[in-house]
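A.B. asks: Kindly generate the corresponding structure for this input.
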Amino acid sequence: MTQGIANVSVGEQFEGFLLIKSAEKGVASNGKPFLTIIFRDRSGEIDAKLWEITKDDEEVFTPESVVHVQGDIRQFRGKAQLNVRQIRLATAADGIHPEDFMEKAPIPVEEMQEYMTKIIFDMRNPNIQRIIRYFIKKYEHELFTYPAATKNHHEYAGGLAHHVVSMLKLGKQLTELYPDLNPDLLYSGIILHDIGKVKELSSPMSPSYTLEGKLLGHITIMVDEVQQAANELGIEGEEVMLLQHMILSHHGKAEWGSPKPPQIREAEVLHLIDLIDAKMNMMNRALDKVKPGEFTERIYPLENRAFYKPVMD
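C.D. replies: So this is what the prediction gives:
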């Protein structure tokens, strides 16, 4: 493979294979159609414009397609953008596979599975443990292959599990610092809070929102699933409602998508460590792309701030 697309600097040329993550049609001021494309490979992703497209272009250059691209990197509104000069679909003769372009979690799947299994094994509340085991078994493949989002944070294969495991490690340290926290409730909330995204998102390859995701969202999906699981397992009790509250409140407030604000300690902590891990993931990945002494691109979800990478060790 050529140099990763995320590592090509403004002003440089790029030639190589890329995966189309998304492609949306627009109409320019001159009335001619164009495509806004997000390309990706394992190094990251980049926006691009394909001008004056034909009907064939619309039908050919679709999400999850691999293409060979030639172009140059420009800066547009403070972000790198690929100016496409030539583009074609990859053929069988190129020996290219879509999986080759998927960015993956930095931790091996087996390591994440092992850590999560240990956390569940150590749970002391039998009802909570049974519910968690139910969902781990039900979504054992999706949990370790799906991203945590379509953009912004952990938006790569295995990103959902990576996000969960990182939060579990944060949660474990906080339960040691604040022993009044209930570990079972906090850990189970962490594991369950985003699992609904396996129904909210379409696929690990180039995820978009499903109809269920658009109309219901991962919070509503998972609250319903927890009740269904409890019914199937014959579990009644406060634990079921508390788990549902953890899921309902993990975004913190209504304007961020939570129907209820956190009203128990463990729900507040879940919300805070969810924010910490998402923000650190965004910052770290942006800082990995710049050299010491440089600023990152502006990160829209972080109040559109650019972050400086210090020269000091």
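
A.B. asks: check contacts around the closest residue in space to residue 276 that isn't next to it in sequence.
C.D. replies: Nearest non-adjacent residue to residue 276, counting by C-beta to C-beta, 6 or more residues apart in numbering: residue 170, 6.5 Å away. No exception for glycine: its C-beta is placed from N, CA and C like everyone else's. By C-beta atoms under 8 Å, 6 or more residues apart in numbering, residue 170 lies in contact with 273, 276-277.

A.B. asks: pLDDT (mean, whole number) over the helix or strand containing residue 170?
C.D. replies: For residue 170, the element it lies in under DSSP states H and E is helix 159-177. In this model, helix 159-177 has an average pLDDT of 96.

A.B. asks: Which positions in it come out as buried?
C.D. replies: Within helix 159-177, the residues that count as buried by 16 or more other C-beta atoms under 10 Å are 159-168, 170-172, 174-175.

A.B. asks: Report all helices and strands that the longest strand anywhere in the chain contacts.
C.D. replies: Secondary structure assigned by DSSP state E gives strand 13-27 as the longest strand of the chain. Applying 3 or more C-beta pairs under 8 Å, 6 or more residues apart in numbering; DSSP states H and E, one finds that strand 13-27 makes contact with strand 33-41, strand 66-76.

A.B. asks: coming back round to it: just the CA coordinates for the helix holding residue 170, please, in CSV.
C.D. replies: As requested, the backbone C-alpha atoms of helix 159-177 are provided in CSV (Å, rounded to 0.1, in the frame of the first residue of the first chain):
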residue,chain,number,x,y,z
GLY,A,159,-14.2,0.8,18.1
LEU,A,160,-17.3,-0.1,20.2
ALA,A,161,-15.4,-2.7,22.2
HIS,A,162,-12.4,-0.4,22.5
HIS,A,163,-14.5,2.4,23.9
VAL,A,164,-16.2,0.0,26.4
VAL,A,165,-12.9,-1.5,27.5
SER,A,166,-11.3,1.9,27.9
MET,A,167,-14.3,3.1,30.0
LEU,A,168,-14.1,-0.1,32.1
LYS,A,169,-10.5,0.6,33.0
LEU,A,170,-11.4,4.2,33.9
GLY,A,171,-14.4,2.9,35.9
LYS,A,172,-12.3,0.3,37.8
GLN,A,173,-9.9,3.0,39.0
LEU,A,174,-12.7,5.3,40.1
THR,A,175,-14.4,2.5,42.1
GLU,A,176,-11.1,2.1,44.0
LEU,A,177,-10.9,5.9,44.6
